[in-house]
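*Asks:* quick one, fold the following:
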Amino acid sequence: MSEDNQTGLIRISDDVVSTIAGLAALETAGIAGMSGGISEGLAKRLSGKNVQRGVSVEVGQVEAAIDLRVIVNYGSRIQDVCRDLQENVREAVENMTGLTVVEVNVKVEGVAFKEEETADDPHRVK
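*Replies:* Below you'll find the model as predicted:
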């Protein structure tokens, strides 16, 4: 996005929009993480340090389209989580950048299971 005003030109990088979308996605209930895609291995979860993984954006002068690849938590209703995800990402990008988000496409690439209980669990028989 670029905007020309009386004091100069304002440009918003695609990377900025990707970061905003990635952070909003990770804050959505039911999302376990972002997926790097099949080419980078089997739907590997990533921390907030690299939130642009799993996010692709197309940014024009006044509009943006966003594609997300995510991993959802086991037991969550995928349709509801994805609907909330679309709304959260759209709202975050529009509020922070002023761009109109025309679409937020979501591809669920995996399901995250809760980790097994550790041997230090006091309820386990030793």
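
*Asks:* mind listing the strands for the protein?
*Replies:* 2-5, 8-11, 31-34, 55-59, 63-73, 100-112 (DSSP state E).

*Asks:* just put these in CSV and tack on mean pLDDT, mean neighbour count and distance to Asn88.
*Replies:* C-beta: built from backbone N, CA, C; applies to glycine. Below are those laid out as CSV (pLDDT from 0 to 100; neighbours: other CB atoms under 10 Å; distance: least, CB to CB, whole Å):
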stretch, mean pLDDT, mean neighbour count, distance to Asn88
strand 2-5, 67, 10, 25
strand 8-11, 81, 9, 25
strand 31-34, 94, 23, 9
strand 55-59, 93, 19, 13
strand 63-73, 95, 20, 11
strand 100-112, 96, 16, 9
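
*Asks:* would you turn those strands into TSV with distance to Asp80?
*Replies:* As requested, those are arranged in TSV below (distance: least, CB to CB, whole Å):
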stretch	distance to Asp80
strand 2-5	36
strand 8-11	36
strand 31-34	12
strand 55-59	21
strand 63-73	10
strand 100-112	12
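
*Asks:* how close does the spatially closest residue to Asn105 that is not a sequence neighbour get to Thr7?
*Replies:* Closest residue to Asn105 apart from its sequence neighbours, by CB to CB, 6 or more residues apart in numbering: Asp67 at 4.7 Å. Asp67 sits 34 Å away from Thr7, taking CB to CB, to the nearest Å as the criterion.

*Asks:* and what of Glu27?
*Replies:* 33 Å.

*Asks:* please apply the same query to Cys82.
*Replies:* From Cys82 to Thr7 the distance is 40 Å (CB to CB).

*Asks:* quick one, which of these two is more surrounded?
*Replies:* Remark: of Cys82 and Thr7, Cys82 carries more neighbours, 22 against 6, as counted by other CB atoms under 10 Å.
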